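Visitor: Sequence below, structure please.
(one chain, ligands or ions: 1)
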Amino acid sequence: FHISVFSRNDSLELSCHHEYDPAKARIFKIIVIGDSNVGKTCLTYRFCGGTFLKNPEATIGVDFRERTVELDGESIKVRLAIWDTAGQERFRKSMVEHYYRSVHAVIFVYDVTSLTSFHSIPDWIEECSRHSVGPLVPRIMVGNKCDLRDRREVPTSAAQRFADSYNFPLFETSAKDPAEKEHVDAIFLTLAYRLKSHKPLRLKQPSVSNVTQLWNQSEDEGTCQC
Ligand SMILES: Nc1nc2c(ncn2[C@@H]2O[C@H](COP(=O)(O)OP(=O)(O)OP(=O)(O)O)[C@@H](O)[C@H]2O)c(=O)[nH]1
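Guide: A predicted model of the protein is given here:
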C-alpha cells in the first residue's frame, strides 16, 4: 500500500498495517528542510531505500518516507516518519504550516558546492522559529554532495563554526557516494537516539493509513515541545 502526497517522485511508502503493534506505533516526525536542489530527496531516499535515487524530480509539497530503526541492540524500535519538504517556494508555500505541526526533529540541508545554499540556512532556522519549533526539538545540519570535491564552496571550518554557534551537530556527507551510506544512516540514528526518550506520536487508529493519521493528528496536536 503505497502513498505519496503531492509528489511526482517514485517515493517510498508508509505502509498500512492492520494489526495493532504498540512498538510500531512509536513514531517520530522528522522534517528535512533546505534550498531546492541540495539533495533532500536523495538523502532521505538513501536512508529509507538504501540506494541513490537517479533523476529525482523537484518535490512538490512533501514526500513521505519511513524507516524503523532499532536502538540499543534490538531493545527499542522507533519509526522515523520523514517529511521530505519542497525547496522551491512555489511548491511549498501552501504546505509550510503542515511541515511544522507536531514535528519532533529538524534536519537542515545545504549543498557543500553551493555557498548560496549554506547562506540560506539562517533563513530556514528563522522559519522554524516562526513556527514555534522550540529549542528542545533536536536539530541537525547536513552538508551534502561531498563527493564533488573539486567543486566545494563551503569549507568545513566555516560550517562547523556556524553549527557550533547554534549547538547543532554537523554532518558532511554524500547521498550519491555508496561509501557514505552508513554515514547517512548515522545522521538519522543520531536523531533517533536523541528522540527515544521524547514523547512519540501515538497512532489513534492503527487500522487506518499512517499517512492519513499523521496528517490529521498534526492538525490536532500543534507543535510538539517535548
Ligand atoms: N553529486 C551529487 N549529486 C547529488 C547528491 N545528492 C543529490 N544530488 C543531485 O542533486 C540534484 C537535486 O537532488 P534532490 O534530492 O532532488 O534535491 P532536493 O533538495 O530534494 O530538491 P527540491 O525537491 O527541489 O527541494 C539531483 O540532480 C541529484 O542527483 C550527492 O550527494 N552528490
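Visitor: Quick one: the helices in the protein, in order.
Guide: For the chain, applying DSSP state H gives helices covering 40-49, 89-92, 96-100, 115-119, 121-130, 156-166, 181-195, 210-221.
Visitor: would a markdown table of the ones you listed with distance to Arg139 and mean pLDDT be doable?
Guide: Just so you know, the C-beta spots here come from the backbone N, C-alpha and C atoms, and that holds for glycine as well. Formatted as a markdown table, the helices of the chain follow (distance: least, C-beta to C-beta, whole Å; pLDDT from 0 to 100):
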| stretch | distance to Arg139 | mean pLDDT |
| --- | --- | --- |
| helix 40-49 | 15 | 97 |
| helix 89-92 | 19 | 95 |
| helix 96-100 | 12 | 94 |
| helix 115-119 | 16 | 98 |
| helix 121-130 | 8 | 96 |
| helix 156-166 | 7 | 98 |
| helix 181-195 | 9 | 94 |
| helix 210-221 | 18 | 53 |
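Visitor: Tabulate these (TSV), appending mean neighbour count.
Guide: Below are the helices of the chain laid out as TSV (neighbours: other C-beta atoms under 10 Å):
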stretch	mean neighbour count
helix 40-49	24
helix 89-92	14
helix 96-100	19
helix 115-119	18
helix 121-130	15
helix 156-166	14
helix 181-195	18
helix 210-221	17
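Visitor: Make a markdown table out of those and add distance to Pro138.
Guide: Output for the helices of the chain, formatted as a markdown table (distance: least, C-beta to C-beta, whole Å):
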| stretch | distance to Pro138 |
| --- | --- |
| helix 40-49 | 16 |
| helix 89-92 | 22 |
| helix 96-100 | 14 |
| helix 115-119 | 21 |
| helix 121-130 | 12 |
| helix 156-166 | 12 |
| helix 181-195 | 4 |
| helix 210-221 | 18 |
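Visitor: To Ile31, which of the ones you listed lies closest?
Guide: helix 96-100 (5.2 Å; C-beta to C-beta).
Visitor: quick one: the closest one near the ligand?
Guide: No - counting by C-beta under 6 Å from any ligand atom, the ligand is not contacted by helix 96-100; separation bottoms out at 12.3 Å.
Visitor: State the pLDDT value of the nearest residue to Tyr45 once chain neighbours are set aside.
Guide: Ranked by C-beta to C-beta, 6 or more residues apart in numbering and with sequence neighbours excluded, the top spatial neighbour of Tyr45 is Leu53, at 4.1 Å. On pLDDT, Leu53 comes in at 95.
Visitor: Leu53 contacts Leu43, correct?
Guide: No - the criterion here is C-beta atoms under 8 Å, and Leu53 misses it with Leu43 at 9.5 Å.
Visitor: got any residues that touch both of those two?
Guide: By C-beta atoms under 8 Å, 6 or more residues apart in numbering, Leu53 and Leu43 have these common neighbours: Ala175.
Visitor: Return the backbone torsion pair for the residue nearest to Tyr45.
Guide: As for Leu53, its main-chain torsions (degrees, to the nearest 10) stand at phi -80, psi 110.
Visitor: How many neighbouring residues does Glu74 have?
Guide: Using other C-beta atoms under 10 Å, Glu74 has 7 other residues around it.
Visitor: Can you get me the start-to-end distance on stretch 108-127?
Guide: This stretch, stretch 108-127, spans 11 Å end to end (C-alpha to C-alpha, to the nearest Å).
Visitor: Quick one: distance of that stretch to the chain centre.
Guide: 15 Å (C-alpha atoms, centre = their mean, to the nearest Å).
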